[in-house]
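Below: sequence and its predicted model.
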Amino acid sequence: MHNTDQNFFLTSPLEQFEIVPVLPIEYYGLNISLTNASIFLIFSIFLSLFWSSLIIYKNKLVPGNWQSLKEIFYDIAFTLVKDNLGTKGYPYFPFIFTIFSVIIYCNLIGMVPYSFTVTSHIAFTFGLALSIYIGINIIGIRTHGIKFFTIFLPKGVPLFIVPLVVAIELVSYIVKVFTMSIRLFANMTSGHTLLKIIAGFIWTMTSLGAVFLYLQVIPLVLLLALVGLEIGIAILQAYVFTLLTCIYLNDVLEMH
């Protein structure tokens, strides 16, 4: 039994990112199974909706601790919109606030032991970034019409290098989708992997016994510090992803 437990804790640190079907469903050969990733994503969305409802529920003129905490989340998203978009961004505030809430809950729920970090998969982060980017470009086209495509051609460019400049601008414009998705995915994956490695190291020292029972205090303290750091990174990455969304939305509205 001891060896079984030891092998369990010494499994690959990447196994925590494995997508496992919880409710297998196939429809005409199409796999639409309910997985651990989809369950925790649904749970994150539910918490986001629940939190949003609390923001407008029984508010007082002099906020208590709970109301103050709710207002912090609201103020962070509102400040992002106000500082990066100005008054023209107010109609998009529900969109920005939803993105911030869902990502921050996906990140924080992933910190709970035996849970699943949805944002640790590039498929999710890239799909989210691509969806947001398509929506932002639709807003830009609806706002500026055909003039929107002048974003790929800065003013004052000599005619003979126009094709090169347009190609460079187009590539840099498309790359933004990858930078948004990879930044979030890489930070969450690397952080959780490191925590798993150190936790496995602590378990190994415990199983060895003798003097290692006392030496395990060192990696244990490091693990606790890294947990606090990872929680901060989870919040920061939600903030950065939302900030980039605001910046890119402002670019298509202002047409710099």
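Right, received. Where do you want to start?

can you pull the buried residues of stretch 17-35?
17, 35 (16 or more other Cβ atoms under 10 Å). (Each C-beta comes from the backbone N, C-alpha and C, glycine too.)

Convert that stretch to PDB, retaining C-alpha atoms only.
Extracted in PDB, the C-alpha atoms of stretch 17-35 (Å, rounded to 0.1, in the frame of the first residue of the first chain):
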ATOM      1  CA  PHE A  17      -3.700  18.700 -17.200                       C
ATOM      2  CA  GLU A  18      -5.100  15.600 -18.700                       C
ATOM      3  CA  ILE A  19      -8.700  16.000 -20.100                       C
ATOM      4  CA  VAL A  20     -10.800  13.000 -18.900                       C
ATOM      5  CA  PRO A  21     -14.400  12.300 -20.200                       C
ATOM      6  CA  VAL A  22     -16.800  12.300 -17.200                       C
ATOM      7  CA  LEU A  23     -20.000  11.700 -19.200                       C
ATOM      8  CA  PRO A  24     -19.100  10.100 -22.600                       C
ATOM      9  CA  ILE A  25     -21.500  11.200 -25.300                       C
ATOM     10  CA  GLU A  26     -21.300  10.500 -29.100                       C
ATOM     11  CA  TYR A  27     -23.600  11.900 -31.600                       C
ATOM     12  CA  TYR A  28     -23.300  10.600 -35.200                       C
ATOM     13  CA  GLY A  29     -19.600   9.900 -34.600                       C
ATOM     14  CA  LEU A  30     -19.000  13.300 -33.100                       C
ATOM     15  CA  ASN A  31     -17.500  13.200 -29.600                       C
ATOM     16  CA  ILE A  32     -19.400  15.800 -27.400                       C
ATOM     17  CA  SER A  33     -18.500  14.200 -24.100                       C
ATOM     18  CA  LEU A  34     -18.700  16.200 -20.900                       C
ATOM     19  CA  THR A  35     -15.100  16.300 -19.600                       C
END
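
what's it in contact with?
36-37, 39, 117, 120-121, 189, 192 (Cβ atoms under 8 Å, 6 or more residues apart in numbering).

Widest-spaced pair of these?
I39 and T189 (19.3 Å; Cβ to Cβ).

Compare the two and say which is more crowded by neighbours.
Applying other Cβ atoms under 10 Å to I39 and T189 shows that T189 carries more neighbours, namely 19 against 16.

Surely the more buried one and T125 touch.
No: under the criterion of Cβ atoms under 8 Å, T189 is not in contact with T125, lying 9.9 Å apart.

Was I right to think Y90 contacts F97?
No: in this structure, Y90 is not within contact of F97 by Cβ under 8 Å, at 11.4 Å.

And the two? Which one has more around it.
More neighbours surround F97 than the other of Y90 and F97, with 21 against 12 (other Cβ under 10 Å).

tell me which element the more buried one is part of?
Using DSSP states H and E, F97 maps to helix 93-109.
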